[in-house]
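A.B. asks: mind looking at a prediction? Sequence and model below.
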Amino acid sequence: MPPVFAHGRLRLYLLKLLDEAPRHGYEVIRLLEERFQGLYAPSAGTVYPRLAKLEAEGLVTHATEGGRKVYSITDAGRAELADRGGELADLELEIRDSVSELAAEIRDDVRGAAGALRREMQAAASASATHVEDESWTAAKEELRRARQEWKEQARRAKDESRRAREEAQAARRQAKEAQERAREEVMRIAAQLQEQFAKSGGMLGNLAGSWLSGGPAAPGSQATGSAATGSGRDTPAPDSRWAEGFASTGDPARDLDRLLDRFRDDVRDAARDHGVTAAQLAEARAHLAAAADRITSLLTPPR
């Protein structure tokens, strides 16, 4: 890019700006940037040394305001501007031409930079798409690998649980079978014992009920001792003293009779519990009990 100001032109333009109004250095830089529509802005290292040189030549002077140097043009400076009026007009045209050239160069630079940037962005986008595609494919493969691994692990756990369930079921079946066998053996053992005891008893239930109440052979652990006359004049079997051993009279015959019936009932129940009862024995016991009930009722009924 060619220089904006030819030799000595910046010096002349600084005098022009100060002729318009007193200004400090920063304001001079800002005005130059505005005149060039933002396309050019001289640096402080360009402006301040030239202002100092103009002051040394007596063309400008400065006053300090708020810690800043405010430069003003002197009469000598205005005289130089008047002497160089034609040159100043040419300078204005040069500035406009410089602005146009700068704008064109900047447009070309921007266009070229934009094209290069667009190509770089396309290349970057293509590379990024390829990279993203590669990353997506890699991530998908990794996800698939993890899914397969997890599925295998779940299948293995399910297989182990199924195996344990089968083993537990088999163990439960064995235990149930063993318990069933033990129960069957126990039932058979108890049945054999009951059968043996019932065989030894010789039909104790029927004999106990019939013999004691019908006046026949005494119940086990008792014997007949003869007959005695009652107030009704009928014979009744004498109670076996050994069967009633330990039985103390209360002095109340009715109460004593209840106690004897309770003992009889308890003995019969014990025999049935210990030896069991068959249907035939039950029928025979019913007959004996009916006969005994008739005899006792008749015994307790006063004669007419």
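C.D. replies: Sure thing, it's come through.
A.B. asks: okay, CA-based contacts and neighbour counts for the rest of this
C.D. replies: Noted.
A.B. asks: quick one, domains of this protein?
C.D. replies: As given by automatic domain parsing, the domain ranges for the chain are 9-114, 204-300.
A.B. asks: now the ones you listed in CSV, with mean pLDDT and mean neighbour count?
C.D. replies: Below are the domains of the chain laid out as CSV (pLDDT from 0 to 100; neighbours: other CA atoms under 10 Å):
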stretch, mean pLDDT, mean neighbour count
domain 9-114, 83, 15
domain 204-300, 68, 15
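A.B. asks: now for the ones you listed, which one comes closest to R157?
C.D. replies: Distance to R157, taken as CA to CA, is lowest for domain 204-300 among the domains of the chain, at 56.7 Å.
A.B. asks: export the domains of the chain to TSV and tack on distance to E178?
C.D. replies: As requested, the domains of the chain are exported to TSV (distance: least, CA to CA, whole Å):
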stretch	distance to E178
domain 9-114	92
domain 204-300	28
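A.B. asks: these: which one's closest to R145?
C.D. replies: Ranking the domains of the chain by their distance to R145 (criterion: CA to CA) puts domain 9-114 first, at 44.6 Å.
A.B. asks: so where do the strands sit in the stretch 1-150 of the chain?
C.D. replies: For the stretch 1-150 of the chain, the strands defined by DSSP state E, counting those that start in this stretch occupy 23-24, 60-65, 68-73.
A.B. asks: neighbouring contacts of the first one?
C.D. replies: So the one you mean is strand 23-24. Strand 23-24 is contacted from outside by R68, K69, V70, Y71, S72, using CA atoms under 8 Å, 6 or more residues apart in numbering.
A.B. asks: nearest to S162, of those?
C.D. replies: Distances from S162 to the contacts of strand 23-24, taken as CA to CA, are shortest for R68 (93.3 Å).
A.B. asks: just list whatever residues bridge to that closest one.
C.D. replies: In this entry, R68 is beta-bridged to E65, by DSSP bridges.
A.B. asks: relative to Y26, how far out is it?
C.D. replies: 10 Å (CA to CA, to the nearest Å).
A.B. asks: same question, I296
C.D. replies: To Y26, I296 is 148 Å away according to CA to CA.
A.B. asks: now R174
C.D. replies: Taking CA to CA, one finds R174 at 105 Å from Y26.
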